[in-house]
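Undergrad: what follows is a predicted protein model with its sequence.
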Amino acid sequence: MSVEPLAELVNRGFFFQTVPDAKGEIAVVVGSYGWHGYYDRIHVWGEDEAVAARELSDHRPFSGNVVWSYEGSASDTAQALLDLPKPGEPGAPTVARAAPSTLWLPSMSTRGQQ
């Protein structure tokens with residue numbers, strides 16, 4: 001896996017933290033970055049599984065209203081987030097829709113409980 005796109009997210013100011021599962025093991029690594037009116041986040045479940053989104057900011061994290069999302073490998077997903085135009089720039093998404101279910105954190109989803 002190429003770590004360059006993930007390292008570039010850190011360089012751009014993304015804050016990363018781990019989220020444990022019920023056993024206390026790392027379930028997902030979550031990165032986030034705030035913009036005026038929006039925030040970007042990426043959930044890395046594994047090398048081959050990640051999801052990123054730009055969400056409308058209403059002063060509550062994870063409001064569920066996204067204007068853009070992408071799912072793929074950790075490296076590809078981080079790169080897609082890096083390639084996304086900044087809010088207010090030409091081509092930046094603005095139309096909100098419901099967030100994909102893969103954006104919910106372990107305690108908020110049925111992920112892995114099947």
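TA: Structure received.

Undergrad: if I look at the closest residue to Thr94 other than its chain neighbours, how far off is Ala98?
TA: Spatial nearest neighbour of Thr94, excluding adjacent residues (Cβ to Cβ, 6 or more residues apart in numbering): Val67 at 5.7 Å. Yep, even glycine has a C-beta here, placed from its N, CA and C like the rest. Val67 sits 11 Å away from Ala98, going by Cβ to Cβ, to the nearest Å.

Undergrad: the two: who's more crowded?
TA: Val67 (17 against 10; other Cβ atoms under 10 Å).

Undergrad: show me which residues of the helix or strand containing the more buried one are buried.
TA: In the assignment (DSSP states H and E), Val67 maps to strand 65-72. The neighbour-count check on strand 65-72 (16 or more other Cβ atoms under 10 Å) flags 66-71 as buried.

Undergrad: who touches that strand?
TA: 38, 49-56, 58, 77, 80-81, 84, 93-100, 102-103 (Cβ atoms under 8 Å, 6 or more residues apart in numbering).

Undergrad: quick check: angle from the helix or strand just after it to strand 65-72?
TA: Next along the chain after strand 65-72, taking DSSP H and E as the criterion, comes helix 74-83. Interaxial angle, helix 74-83 versus strand 65-72 (axes from the mean of the first three to the mean of the last three Cα atoms, to 10 degrees): 140 degrees.

Undergrad: which strands or helices does helix 74-83 pack on?
TA: helix 4-11, strand 38-46, strand 49-56, strand 65-72 (3 or more Cβ pairs under 8 Å, 6 or more residues apart in numbering; DSSP states H and E).

Undergrad: deepest of these, which one?
TA: Highest mean neighbour count among these (mean count of other Cβ atoms under 10 Å): strand 49-56, with a mean of 22.

Undergrad: can you list contacts of it?
TA: Under Cβ under 8 Å, 6+ apart, the answer for strand 49-56 is 37-45, 62-74, 76-78, 80-81, 84, 87, 93, 96, 99-100, 102-103.
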